[in-house]
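Visitor: quick one, fold the following:
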Amino acid sequence: SVVIDPPRRGCDQLFLTQLLNFRPQRIVYVSCGPDTLARDLVVLVNGGYELKHVQPFDMFPQTRHIESVAVLELNEEDVDETP
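Guide: Coordinates of the predicted model:
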């Protein structure tokens with residue numbers, strides 16, 4: 001398993017490519033940017049992962065900021081070789 005907590009701008013393409021090549025069984029993605037989380041989840045799902053759960057957390061009440069945790073698991077049967 002790998003836990004990632006990138007900055008607000010999300011993961012860069014090089015990191016996502018390396019992560020997909022590493023092929024951990026589970027990825028736990030902690031995000032403070034729902035837009036970049038969604039962008040990066042598309043890459044990971046297209047790279048052979050299944051999104052199992054996403055949970056938002058309002059850790060900063062009365063602000064627009066939200067933390068989210070996404071759990072993905074490797075789906076060996078549906079692997080696209082191009083990250």
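Visitor: for the rest of this, base every contact and every neighbour count on C-alpha atoms.
Guide: Will do.
Visitor: now Pro61: which helix or strand?
Guide: Using DSSP states H and E, Pro61 falls within no helix or strand.
Visitor: and the lengthiest helix in the chain, how far out from the chain's middle?
Guide: Criterion DSSP state H: the longest helix present in the chain is helix 34-46. Chain-centre distance of helix 34-46: 6 Å, with C-alpha atoms, centre = their mean, to the nearest Å.
Visitor: only C-alpha atoms, please: export that helix in PDB.
Guide: Taking C-alpha atoms only, helix 34-46 is exported to PDB below (Å, rounded to 0.1, in the frame of the first residue of the first chain):
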ATOM      1  CA  PRO A  34     -11.200  18.200  -4.900                       C
ATOM      2  CA  ASP A  35     -10.500  19.400  -8.500                       C
ATOM      3  CA  THR A  36      -6.900  17.900  -8.600                       C
ATOM      4  CA  LEU A  37      -8.100  14.800  -6.800                       C
ATOM      5  CA  ALA A  38     -10.700  14.200  -9.600                       C
ATOM      6  CA  ARG A  39      -8.000  14.800 -12.300                       C
ATOM      7  CA  ASP A  40      -5.500  12.400 -10.700                       C
ATOM      8  CA  LEU A  41      -8.200   9.700 -10.000                       C
ATOM      9  CA  VAL A  42      -9.000   9.600 -13.800                       C
ATOM     10  CA  VAL A  43      -5.300   8.800 -14.400                       C
ATOM     11  CA  LEU A  44      -5.200   6.100 -11.700                       C
ATOM     12  CA  VAL A  45      -8.500   4.500 -12.700                       C
ATOM     13  CA  ASN A  46      -7.400   4.500 -16.400                       C
END
